[in-house]
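K.L.:
no sequence for this one, just the structure:
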């Protein structure tokens, strides 16, 4: 059965709808058929204010995906939980509540981040939490996955070096819609997973931010080769990305645009 898809950007660094406000954060509201999914919650309660200005009732949400534990993607969780009337399924990755580690004078020290502890308590009391370790089929044509990342074994895990991040795919008649939080240098692993899992499918659109280490030729080569493996028709570049990433992607993808808070894209008969 054909379905409609609507994607509303509630929070982004950039601003599209001048009635709204922006912040260093990211949050999408995705409606696919009868399913309403929030992908990340931004840094603060700004997504609530922007949703109100757009006349969106967030109690329609069926599922919340928290791509990773940076506050710019999960800081809004306590604010969201306070307004939800029903228990909602929150999807997280397995290292979300693990202690951060850092190298101090040659020794590994572990510690917590305050906002993560707060979020953990809210999720325990008010939600149903699903932890994704590899791949999860949420509903027909909606998949969540966690690309494996060997980099985490080489470097201490800290709030600036978060490598585990969930991605989501909606498989439609028109092609794949791929949602990222902030892919960082992991874009290659995400695209490799997609090309292996959906070998005959084009990516119609990617939403999310990426960071490319332009000082390392090897990183650029790896990401470039991964992009070449799949046909990508459209990229809505969001959140932490810069003009450098924009012009890098333009080498491979014709339709690359900066996203912004208040931008709404609608697709029918998918």
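P.N.:
Structure's in. What do you need? Owing to the predicted nature of the structure, the values given are computational and were not obtained by experimental measurement.
K.L.:
Give me the below-cutoff pLDDT ranges for the chain.
P.N.:
99-114, 126, 148-163, 184-185 (pLDDT under 70).
K.L.:
Can you list phi and psi of the residue nearest the centre of the chain for me?
P.N.:
By Cα atoms, centre = their mean, the mean C-alpha position of the chain lies nearest to residue 181, the distance being 2.3 Å. With angles defined as degrees, to the nearest 10, residue 181 sits at phi -80, psi -80.
K.L.:
any idea how far it is from residue 15?
P.N.:
Distance of residue 181 to residue 15, computed by Cβ to Cβ, to the nearest Å: 20 Å. The C-beta positions use only the backbone N, C-alpha and C, and glycine is treated the same way.
K.L.:
Okay, and the beta partners of the residue nearest to residue 241 when sequence neighbours are not counted?
P.N.:
Nearest-residue entry for residue 241: residue 209, 4.5 Å, with adjacent residues in sequence omitted and distances by Cβ to Cβ, 6 or more residues apart in numbering. Beta bridges link residue 209 to residue 182 when assigned by DSSP bridges.
K.L.:
wait, isn't residue 209 in contact with residue 26?
P.N.:
Yes. Look at residue 209 against residue 26 with Cβ atoms under 8 Å: they come within range, at 6.9 Å.
K.L.:
what's the offset of stretch 187-205 from the middle of its chain?
P.N.:
With Cα atoms, centre = their mean, to the nearest Å as the basis, stretch 187-205 stands 16 Å off its chain's centre.
K.L.:
Likewise for stretch 46-56?
P.N.:
19 Å.
K.L.:
Show the backbone phi and psi for the closest residue to the residue nearest to the centre of the chain other than its chain neighbours.
P.N.:
Leaving out its chain neighbours, the residue that sits closest to residue 181 by Cβ to Cβ, 6+ apart is residue 67, at 2.8 Å. For residue 67, the backbone dihedrals are phi -60, psi -40 (criterion: degrees, to the nearest 10).
K.L.:
Determine the number of other residues adjacent to residue 67.
P.N.:
27 (other Cβ atoms under 10 Å).
K.L.:
Equivalent analysis for residue 251, please.
P.N.:
Residue 251: 9 neighbours (other Cβ under 10 Å).
K.L.:
just the strands in the stretch 51-200 of the chain please.
P.N.:
63-65, 88-92, 100-104, 107-111, 127-131, 135-139, 142-145, 167-171, 176-182 (DSSP state E, counting those that start in this stretch).
K.L.:
Now distance to residue 74 too, for these, in JSON lines please.
P.N.:
Below are these laid out as JSON lines (distance: least, Cβ to Cβ, whole Å):
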{"stretch": "strand 63-65", "distance to residue 74": "10"}
{"stretch": "strand 88-92", "distance to residue 74": "9"}
{"stretch": "strand 100-104", "distance to residue 74": "14"}
{"stretch": "strand 107-111", "distance to residue 74": "18"}
{"stretch": "strand 127-131", "distance to residue 74": "13"}
{"stretch": "strand 135-139", "distance to residue 74": "18"}
{"stretch": "strand 142-145", "distance to residue 74": "16"}
{"stretch": "strand 167-171", "distance to residue 74": "15"}
{"stretch": "strand 176-182", "distance to residue 74": "9"}
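K.L.:
Can you say which of these is nearest to residue 79?
P.N.:
strand 63-65 (12.0 Å; Cβ to Cβ).
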